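> Make a model of this:
(2 chains)
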Amino acid sequence: MNVPVPEAALQQQFDDPPQQREAAMLGMWSFIATEVLFFGVLFAAYIICRWRFPLPFVEGSAHTDFAMGTAETAILLTSGCLSAIALRQIQLDRARQSAVLLAITAALGAAFLVLHGMEYHDEFEEGLIPGLRYTQAGPGANAMELFFSLYNVITGFHSLHVLIGVVLLLVMAARSWRGAFSSAYHTPIEIAGLYWSLVDIVWIFVYPAMYLVGSAG
Amino acid sequence: MNSISADAESLGPGYLVQGGRTLWSWLATHDHKRIAVLYTVAITFFFFLGAVGAALIRLTLLYPDGRLTSAETYNKAFTFHGVVMVWFFLIPSIPSTLGNFLVPLMIGARDMAFPRLNLFSWYLYMIGGLFTVATLLLGGVDTGWTFYTPFSTMFSNSNVILTVIGVFVVGFSSILTGMNLIVTTHTMRAPGMHWYRLPLFIWGMYATSVVMMLATPVLAMTLALVALERLAGVGIFDPALGGDPILFQHFFWFYSHPAVYIMILPAMGVVSELVCCGVRRKVFGYKFMAWSMFAIAFIGFLVWGHHMFVAGQSMYAGIVFSILSFVVAVPSAIKVFNWLATLHKGTIDFHAPMLYALGFVGLFTLGGMTGLFLAAVALDVSLTDTYFVVAHFHYIMVGGSVMAYLGGLHFWWPKITGRLYSEGIAKFAAVLMFVGFNLTFFPQYVLGYMGMPRRYHQYLPQFQDLNVLSSIGAGVLAVSYLLPLFYFAHSLYRGKPAGPNPWRATGLEWTTSSPPPEHNFHTTPVVTGGPYEYRD
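Next up, the predicted model:
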C-alpha cells in the first residue's frame, strides 16, 4: 500500500477504498450469477433436446468444425491465462506490462471472433443455419435443425459476450497504459478479468457440448 | 456545505432542491432519492395505463354477450393490462421506489453502492416502457401476459416481438436494481448496523433482490428465444422441429412464479414496519420474520410446476410441486401470525398507513389460503383457468402488494416530500380501497367456483349479476386510487411541514431531516440497538 489510491477513484458514497473494492467485486460476482442463469436456460434446453434426440445431435455435432472449435478453445484459454497474469503485473505495479498483456488478451478475443465468423460463414455455405439457410434433408434433419438452432443461439450469445469483453479489455489496457492503475488501485482490471473468466467458462461448456459430441462416435 | 447545521431538526431544503432545480438535474441525477422519485412518477403513469386495460375488461364483462368489445380487442385489453401491471408496475413498485429511497437511509449510507447503475436501470425501465407503449399504438398484442407457445410463436398476428423486447429490457432494469440493493446492503451499512439490527424492510428487499437476480435472466433468455423463433425460425419451442412448447412453460414459470415473491416480499417488509410503528412495539419474533422471508424466496424457486398441473406434466411432478407449494404456506403463515402477535393486546393507532397494513394482512391471508386450494392437484384440475385463479392472484397482488405499496407511500410520504398529507381523507381512501377491492374480487371467487372461465369476453347469462357487482367494485376501486393523487398533490403545495419524525417511529431514516439532505445524513450515524426500540 505504498502508492495512494487516486483521489478521483474513490466515489463519494464510499467511506474508504476497501469498501469500494468490496462493493465492486460483490457486484461483479452477482452479475456472474445472473449470467449463469441466463446461459443456464440454453443449456437446460440443450440437455432436454439432446436427451430426446441423441443421434441427430451427434450427427449435428459431426457437422461442426472440430479443428476450428479446438483452436478457438485454445485461444480463449490462453487469453484467460494472460488476463490473470495482467492482474498479477498490476499488483506488482508494472502498469505497462499489464497494459500490453491486456491488449494481447483483447487481440486473442478478437481472433476468436474472426475464427467464429469464418465458421458461421462455412455453415451458411453448407446450409446449416436455421432460419437463414437450412438445406439438410433426410431422417433426423428436423432434430438436427434443433441442434443447429441451439448451436447458433448459444454461440451467438457467447460471441456477443466476447465482443463486449474485447471492448472492456481494450479500455482497461488503455487506462493501464496511461497509469490509471497501481498496486493500490486496480479493481477495474480485476473485474474485467472476472468477466473474461466468465466468457471462458461458458465456452468450456459450449465446446464439448457442441464440438466433441460428434467426434466421440 | 459545511455551514449546514448538523442538527436534524433544522428544516433544510433537502435533496429536492440541493441537487439543482432543473429538469436535467433530475434526469441526470445519481441521488438514490431522486431516482426513487423518478421511478414513482413513472410507475404511477404505468399503473393508470394498466388500469385503463382493467376498466375495459370490467366494462366488457357487464354484459354476457360481450357487446362492447370484439373478442380480439378484449384479448388485447387483458394482455396489455397484465403486461403493464406485472412488469411495469408490480415488480418495480416497492423495490425501485420505496426500496431505492429507503435502503440507503435505513442502513445509514450516503447512497446506493452503484448510483450510476441505479440511474441506468431507470432509463432501461423507460426504454422498456416505450416499447410497450409503442406496441399499444401499433395495435397491441393478444397472447396474454404469459406469451404461451405455440400461440405466441406461430399463430398470433400481433406485435409479440415488440412486447417481448420491452419486457426483456425492463427485466434487465430489475436485475440491476436487485444487484444494487444486495451490494448496498452488504457493503454500505453504518457502523454498528449488524444484520440482526436491520429493519425487516431491508430483509424483505434483500430476499426480493436475490429472486430478481436469479429468476429474471431466465425470463430474459426465454423471451429472447420466443422472439428468435418468430424472427428466425429458431425452433426450441416448435413442435414441428421436435421442440417443446411445454418447455416454454417450464422456463416461463421458473421466472414467473418467483416473480410473485418479487411482488409480495417487499410488501411484507413494508407491512412489518407499519405494524410495529402503528402499535408502537417490537416486532414479535424478529429472527423468524427475517428468515421466513428467505425461506419464502428459496422455496419459491421450487414450485413453478403448480402452474402446469393440467399442462401435461407427469403425475409425480404434479405431486411434488403440490407438496412444495403447501410448504411455502408455512413461512407465510409464520409472518401472518407474528404480525397478529405483534398487534395482540396492543394500543393500535389507526392512521392511514396502519389501515393499509391491516388491510394487507387480511387480504393476503385470504389470497394465501385460496392459493392452497389451487395447490391441491385435485381441486386445481377443476379450478384452473377459472375466475377463482384470477381472484386468488389479485388478492395477493392488489390486496397484498398494492395495499402495502400505498401504505408505505403514505407512511414515508412526509420523509420523501417533507410535508404531511391530510389524514382524514387518506383514511377514507384506505377504507374505500378495502371495500372496493373486496367488492371487485370476492365475487370472482364465486364465479370461478361456479365455473366461469377466464379470458373470455362472453359468458353464460347466469353469471351476469356477480359480474356487474364486480364491475361496480372496480369503479369504487378506481375512485380510491384517484383520491391519493389529489391529496398527495395538494400536500406537495399546501401540506404542513412534517418535521423529521412525524410518526415518532424508530429507524435511521427518521433521524435525518425531512426531506433528507443530498447525502442523507449530516454525520454518519452509529447504530447501538435493534430496529424497533419503541418505549412509549
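
> Tell me the helix or strand right after the helix or strand where residue B:254 lies.
Taking DSSP states H and E as the definition, residue B:254 sits inside helix B:245-279. Toward the C-terminus, helix B:245-279 is succeeded by helix B:286-299 as the next helix or strand (DSSP H and E).

> name the helices or strands packed onto that next one?
helix B:200-232, helix B:245-279, helix B:315-343 (3 or more CB pairs under 8 Å, 6 or more residues apart in numbering or on different chains; DSSP states H and E). For every residue, glycine as well, the C-beta is placed using N, CA and C.

> Relative to chain A, which of those helices is closest?
Judged by CB to the nearest CB, the one of the helices and strands packed on helix B:286-299 that comes nearest to chain A is helix B:200-232, at 3.3 Å.

> can you pull the buried residues of the closest one?
For helix B:200-232, burial by neighbour count (16 or more other CB atoms under 10 Å in any protein chain shown) applies to B:200-230.

> re earlier: with distance to residue B:302 added, can I get the helices and strands packed on helix B:286-299 in TSV?
Shown next, in TSV, are the helices and strands packed on helix B:286-299 (distance: least, CB to CB, whole Å):
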stretch	distance to residue B:302
helix B:200-232	12
helix B:245-279	9
helix B:315-343	5
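
> Would you mind saying which of the ones you listed lies nearest residue B:161?
helix B:200-232 (5.0 Å; CB to CB).

> close to chain A, is that closest one?
Yes: judged by CB under 8 Å from any CB of the partner chain, helix B:200-232 comes into contact with chain A through B:213-218, B:220-222, B:225, B:228, B:231-232.

> Out of those residues, which comes closest to residue A:208?
residue B:221 (20.8 Å).

> Identify the residue of chain A closest to chain B, quick one.
For chain A, CB to the nearest CB, closest residue to chain B: residue A:131, 3.3 Å.

> quick one: pLDDT of that residue?
Here the pLDDT value assigned to residue A:131 is 80.

> quick one, phi/psi of it?
When read as degrees, to the nearest 10, the backbone of residue A:131 gives phi 90, psi -40.

> Tally up the residues packed near it, please.
Residues near residue A:131, counting by other CB atoms under 10 Å in any protein chain shown, number 16.

> doesn't residue B:230 make contact with it?
No: Residue A:131 lies out of contact with residue B:230 (CB atoms under 8 Å); the separation is 10.2 Å.

> which residues in chain A form helices?
Applying DSSP state H to chain A gives helices spanning A:17-52, A:54-63, A:66-91, A:95-126, A:141-177, A:187-207, A:213-216.

> quick one: least confident helix or strand in chain A?
When the helices and strands of chain A are scored by mean pLDDT, DSSP states H and E, helix A:213-216 comes last with a mean of 74.

> Let me see the residues that make contact with it.
With CB atoms under 8 Å, 6 or more residues apart in numbering or on different chains as the test, helix A:213-216 has contacts from A:50, A:57-64, A:66.

> in that helix, what counts as buried?
Neighbour-count burial for helix A:213-216 [16+ other CB under 10 Å]: A:213-214.

> chain center to it: distance?
23 Å (CA atoms, centre = their mean, to the nearest Å).

> what's near enough to touch residue B:189?
Residue B:189 touches B:107-109, B:198, counting by CB under 8 Å, 6+ apart.

> repeat for residue B:93
By CB under 8 Å, 6+ apart, the neighbours of residue B:93 are B:43, B:263, B:266, B:401-402, B:405.

> please redo it, this time with the cut-off set to 6 Å
B:43, B:405 (CB atoms under 6 Å, 6 or more residues apart in numbering or on different chains).

> Confirm that it sits in a helix.
Yes: judged by DSSP: H, G, I helix; E, B strand; the rest coil, residue B:93 forms part of a helix.

> Leaving out sequence neighbours, find the closest residue to the closest residue to chain A within the stretch 401-536 of chain B.
Nearest residue of the stretch 401-536 of chain B to chain A: residue B:519, at 7.2 Å (CB to the nearest CB). The shortest distance from residue B:519 to any non-neighbouring residue, by CB to CB, 6 or more residues apart in numbering or on different chains, is to residue B:110 (4.4 Å).

> residues in contact with that neighbour?
Taking CB under 6 Å, 6+ apart as the criterion, residue B:110 is in contact with A:13, B:519-520.

> Can I get the residues you listed in CSV including neighbour count, pLDDT and distance to residue A:148?
Converted to CSV, these look like this (neighbours: other CB atoms under 10 Å in any protein chain shown; pLDDT from 0 to 100; distance: CB to CB, whole Å):
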residue, neighbour count, pLDDT, distance to residue A:148
A:13, 22, 87, 48
B:519, 19, 89, 54
B:520, 23, 92, 54
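
> Just give me the closest of these to residue B:23.
residue B:519 (22.0 Å).

> May I ask you to confirm that residue B:141 is in contact with residue B:163?
Yes: the pair residue B:141 and residue B:163 qualifies as a contact (CB atoms under 6 Å) at a distance of 4.6 Å.

> Check residue A:43 and give its pLDDT.
Reported pLDDT for residue A:43: 96.

> tally of neighbours for the nearest residue to it once chain neighbours are set aside?
Counting by CB to CB, 6+ apart, residue A:205 is the residue found nearest to residue A:43 once chain neighbours are left out, at 6.5 Å. Per other CB under 10 Å, the neighbour tally for residue A:205 reads 15.

> contacting residues for residue 166?
I went with chain A, as the question did not name one. A:106, A:109-110 are the contacts of residue A:166 under CB under 6 Å, 6+ apart.

> my bad, chain B
B:128, B:131-132.

> so how far is chain A from it?
Separation of residue B:166 from chain A (CB to the nearest CB, to the nearest Å) stands at 18 Å.

> Wasn't that residue part of a helix?
Yes: counting by three-state DSSP, residue B:166 is part of a helix.

> Look up how far residue A:24 lies from the spatially closest residue to residue B:524 that is not a sequence neighbour.
Among residues not flanking residue B:524 along the chain, residue B:190 sits closest, at 6.0 Å (CB to CB, 6+ apart). Between residue B:190 and residue A:24 the computed distance is 20 Å (CB to CB, to the nearest Å).

> still on that earlier bit, give me the subset of the contacts of residue B:166 lying in helices.
Checking those against DSSP H, those in helices are B:128, B:131-132.

> Name the member of those with the most neighbours.
residue B:132 (26 neighbours).

> Next one, pLDDT for the nearest residue to it once chain neighbours are set aside please.
Distances taken as CB to CB, 6+ apart place residue B:166 nearest to residue B:132, at 4.2 Å, with adjacent residues excluded. Confidence at residue B:166, expressed as pLDDT, is 96.

> Burial check on residue A:159, number of neighbours?
Neighbours around residue A:159, by other CB under 10 Å: 17.

> How about residue A:194?
17.

> for it, what are its contacts?
residue A:28.

> tell me the contacts of residue B:474?
Residue B:474 touches B:58, B:440, counting by CB under 6 Å, 6+ apart.

> let's go with 8 Å and repeat that
B:54-55, B:58, B:436, B:440.

> Narrow those to those in helices?
Judged by DSSP H, helices contain the following of those: B:54-55, B:58, B:436, B:440.

> follow-up on the earlier one: name the member of the contacts of residue B:189 with the most neighbours.
Result: residue B:109 is most packed of the contacts of residue B:189 (other CB under 10 Å), 27 neighbours.

> Just give me the neighbour total for residue 47.
In the absence of a named chain, this looks at chain A. Neighbours around residue A:47, by other CB under 10 Å: 11.

> please go with chain B instead
Residues near residue B:47, counting by other CB under 10 Å: 18.

> now residue B:423
13.

> And the helix or strand containing residue B:404, what does it pack against?
Residue B:404 belongs to helix B:403-417 when assigned by DSSP H and E. Judged by 3+ CB pairs under 8 Å, 6+ apart, the packing partners of helix B:403-417 are helix B:32-60, helix B:100-107, helix B:245-279, helix B:352-375, helix B:423-450, helix B:464-494.
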